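Q: Sequence first, predicted coordinates after that:
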Amino acid sequence: MGRCDFCRSDNVATVDPDALTDLFELTKDTFILDEEGERPSVLYAREFRILSEKVRAPDKLWDALLGEEFNSKRYRLPDEVVDNKRLWLNFKEELIFHNRYFPQNNAFQGLFSVEGKSEEFYLFASLVAQMDMVVSAGDSFFRARISDAEMTSDSMGKPPRDAATGGRANPPGISYLYVSDQLEASVNEVRPSIGSKVWVAEYVAAEDLRIIDLTDPKLKGSVLRFEESEIKYVLKYLGLLELFSNDLSKPVLPHRSHLEYVPTQYICEFLKNVTKSDGIRFSSSFGCGRNLVLFDDAKLSVQHPRSFLVENTRVMFSPA
């Protein structure tokens, strides 16, 4: 117990950085020496997300952990890691326009092959397991609907399956419950206009729920738990989960949703069946709160909804 030289906290548990150096030895072979590359501390900060934001002297700490000689050189990551964005875009294009149910994309073919249970599959599944979180019984969430007519608790649930249109996570005909952990986020998610009457019901978890938390995959996923030969693949899959999480959160124009939601529906169905979890947690596209998609609402109780009148909406924009 003492003072930390790097976050300047007093009376905290401390350890000499030299005692942690061996943890990083397994990851060093992932880096490829490249004069046009970046310092390893930059790559670790962006791809591994190891250091807390509380660290006030990150460069000093990285030198202590990695050694000044190694940290002073420039490196790049393997192509299969940095090409994640291109691979994900290609995979989405195949799902939307070519092979919706049996994709042939070589980059992820082994990953999503449930029957084959490939090495890639098991590695990805063990990484997703690190995203597990528990929603405790008694935790509450909010669901909003726009309606001029009075709504009841019965009318605030997930839609009947024969009326369920495709959403961010659910294919058409498969009904899920979408809720938010903040009232404001639930109202924003239904995109009301000024003057709209919005009904909000509170849902309460009747028992513990096991949720896959995708709000920040790189922060939750620990690369250092894997073997040296697996690290570059773990970085690739963490990048995939982050891209998938971003797509779950970003707003989609209604007239494009039937196509744009296909890739996220595909991954959600895969995660639901592989993990046997109760749902998925992701960031709200409106910048406040977190959203949850629950595959079944049997473990929640709903209270009578309250009505609100929308008095103002805020529009934010940037150059296209």
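A: Received the coordinates, thanks. Numbers count the residues shown, from 1 in each chain.

Q: pLDDT below threshold where in this protein?
A: Filtered on pLDDT under 70, the chain yields the residue ranges 114-116, 287.

Q: go with 50
A: Within the chain, no range satisfies pLDDT under 50.

Q: Domain-wise, how is it divided?
A: 17-76, 78-320 (automatic domain parsing).

Q: CSV for those domains, including mean neighbour count?
A: For the C-beta atoms, the positions are set from N, CA and C on the backbone; glycine is no exception. Output for the domains of the chain, formatted as CSV (neighbours: other C-beta atoms under 10 Å):
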stretch, mean neighbour count
domain 17-76, 15
domain 78-320, 16
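
Q: leaving aside the residues next to it on the chain, what's closest to residue 144?
A: Spatial nearest neighbour of residue 144, excluding adjacent residues (C-beta to C-beta, 6 or more residues apart in numbering): residue 186 at 4.2 Å.

Q: any idea how far residue 258 lies from residue 249?
A: 19 Å (C-beta to C-beta, to the nearest Å).

Q: Contacts only, for the residue nearest to residue 144.
A: 141-144, 179-180, 200, 289 (C-beta atoms under 8 Å, 6 or more residues apart in numbering).

Q: Spell out the secondary structure type for it.
A: helix (DSSP: H, G, I helix; E, B strand; the rest coil).

Q: how much space between it and residue 257?
A: 19 Å.

Q: which residues touch residue 93?
A: Contacts for residue 93 (C-beta under 8 Å, 6+ apart) come out as none.

Q: Need the three-state assignment for it.
A: helix.

Q: For the spatially most central residue of the chain, which residues are in contact?
A: In the chain, the centroid-proximal residue (C-alpha atoms, centre = their mean) is residue 214; its distance is 2.3 Å. Residues near residue 214 by C-beta under 8 Å, 6+ apart: 131, 241, 244-245, 248, 280-282.

Q: Of the residues you listed, which belong to helices?
A: 241, 244-245, 248 (DSSP state H).

Q: Give me the residues contacting stretch 304-320.
A: Counting by C-beta under 8 Å, 6+ apart, 145, 150-153, 156, 187, 192-201 sit against stretch 304-320.
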